[in-house]
Structure formats: C-alpha cells, structure tokens
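**Q** Fold the following.
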Amino acid sequence: MQGQVELVPATEADLPLLYRLTSDPEATGTHEWFGWQDPHAFRRRWEQNGLLDEASGVLMMSLGGERVGFVAWRKRPMARTSFCWNVGIAVAPASRGKGYGTAAQRLLVRYLFAHSQANRIEAGTEVTNLAERRALEKAGFTREGIARGAAFQNGRWHDAVIYSVLRAEVDLDAD
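**A** Numbers count the residues shown, from 1 in each chain. Down below sits the predicted model:
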C-alpha cells in the first residue's frame with residue numbers, strides 16, 4: 001500500500017463521487033451494482049446533516065487529499081437495550097487492490113468503537129466477493145457464517161458472508 005489512507009467528513013464536492021460509487025455500474029463493480037439510485041439522495045442527506053447523524057454516517061477515504069472511496073455505517077438494533085454498527089465500503093476502481101479498503105475498514109472500526117458504546121461491528125459481502133472477504137479478514141473481522149439469499153441483485157438472490165469484530169478484539173490505542 002502506498003500512502004496513508006485517512007477518513008474525513010464528506011464535503012459538497014464529494015457528492016458526485018458518492019453517487020458514482022453507488023449508482024454507476026462501471027464504478028460499483030460486479031458485486032455492488034443494484035440498479036440506478038436517486039441522484040439527489042446524497043445531496044439531501046448532506047444538506048440535512050453532513051452525512052453524519054446518530055444512526056448512520058459516511059466518511060470519505062482520502063489519500064494525500066485525493067478521494068479514493070468511502071466507508072458508511074448504520075445502527076442496527078440487536079436487542080431491546082443494545083445495537084451494533086453495520087458497515088460498508090466502496091473504493092474507486094483505480095484504487096482497488098492496493099490495501100486502501102483494508103486500512104479504511106480498520107480506521108472505521110477504531111473510530112466507531114472510540115465514539116460509541118457499541119460492542120459489535122458487522123459487515124456482509126457476497127460469497128463470491130473474494131477481495132472484500134480478504135479485506136475484512138485483514139481488517140480484523142471474523143467470519144461468522146452465511147446468510148442465505150440475503151441480497152437481490154441482477155434478477156436473483158445471492159448468499160452473503162457475515163463478519164464481525166467485537167470491542168474487546170480491537171486495541172483502540174494502536175497507531
């Protein structure tokens with residue numbers, strides 16, 4: 001991996017990249033193309049709360065000031081008195097395969113544990129998405145199992161691999 005990935009709040013200038021990485025079939029890649037999305041959704045959220053609120057968030061992956069993708073999370077209730085974070089990532093095509101996604105997911109895990117009381121962070125990816133599975137494992141996530149028929153894409157249902165990391169498994173003081 002060349003350079004150091006940082007996570008930074010989104011700016012208005014980031015909105016076109018966010019849309020591209022979630023809606024353009026050439027940018028999303030095989031595993032993340034779910035059809036065209038509302039082209040104004042990110043703008044509305046950004047104007048409302050800067051893409052950061054108590055139940056969800058988006059941070060941009062920055063490499064030397066250049067945006068190379070984003071990480072996102074949303075609160076998922078686990079029981080009446082607890083929740084976990086469900087996280088996702090999108091990396092720009094030219095920046096894939098360089099370790100930036102793994103680094104960003106490590107940073108996101110530390111950020112969420114440092115700034116919330118959640119004990120669990122989870123992520124899922126399509127069974128055939130080997131690159132993302134490796135990235136999650138390198139980032140410290142543990143494979144938990146298969147969620148059968150979890151995601152509808154391209155006219156059929158796909159299985160997902162579910163991963164998690166617990167607070168006790170992360171050194172929040174590590175550099």
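**Q** switch to C-alpha atoms for all contacts and neighbour counts from now on
**A** OK.
**Q** do you know how far the closest residue to residue 35 other than its chain neighbours is from residue 29?
**A** In space, and not counting its chain neighbours, residue 35 is closest to residue 23: 6.6 Å by CA to CA, 6 or more residues apart in numbering. Counting by CA to CA, to the nearest Å, the gap from residue 23 to residue 29 is 10 Å.
**Q** So which of the two has more stuff around it?
**A** Shown here are residue 23 and residue 29; by other CA atoms under 10 Å, residue 23 has more neighbours (19 against 15).
**Q** How much space separates that one from residue 92?
**A** 12 Å.
**Q** What is the burial count for residue 163?
**A** Residues lying near residue 163 (other CA under 10 Å) number 21.
**Q** Surely it forms part of a strand?
**A** Yes - per DSSP: H, G, I helix; E, B strand; the rest coil, residue 163 lies within a strand segment.
**Q** How is the nearest residue to it once chain neighbours are set aside assigned, secondary-structure-wise?
**A** Among residues not flanking residue 163 along the chain, residue 143 sits closest, at 4.4 Å (CA to CA, 6+ apart). Here residue 143 is recorded as strand under three-state DSSP.
**Q** Residue 143 and residue 125: what is the separation?
**A** 11 Å.
**Q** Please apply the same query to residue 96.
**A** With CA to CA as the criterion, residue 96 and residue 125 are 16 Å apart.
**Q** Who are the contact partners of residue 171?
**A** Residue 171 is in contact with residue 110, counting by CA atoms under 8 Å, 6 or more residues apart in numbering.
**Q** show me where the protein has strands.
**A** 5-9, 56-63, 66-79, 82-91, 120-126, 142-153, 156-166 (DSSP state E).
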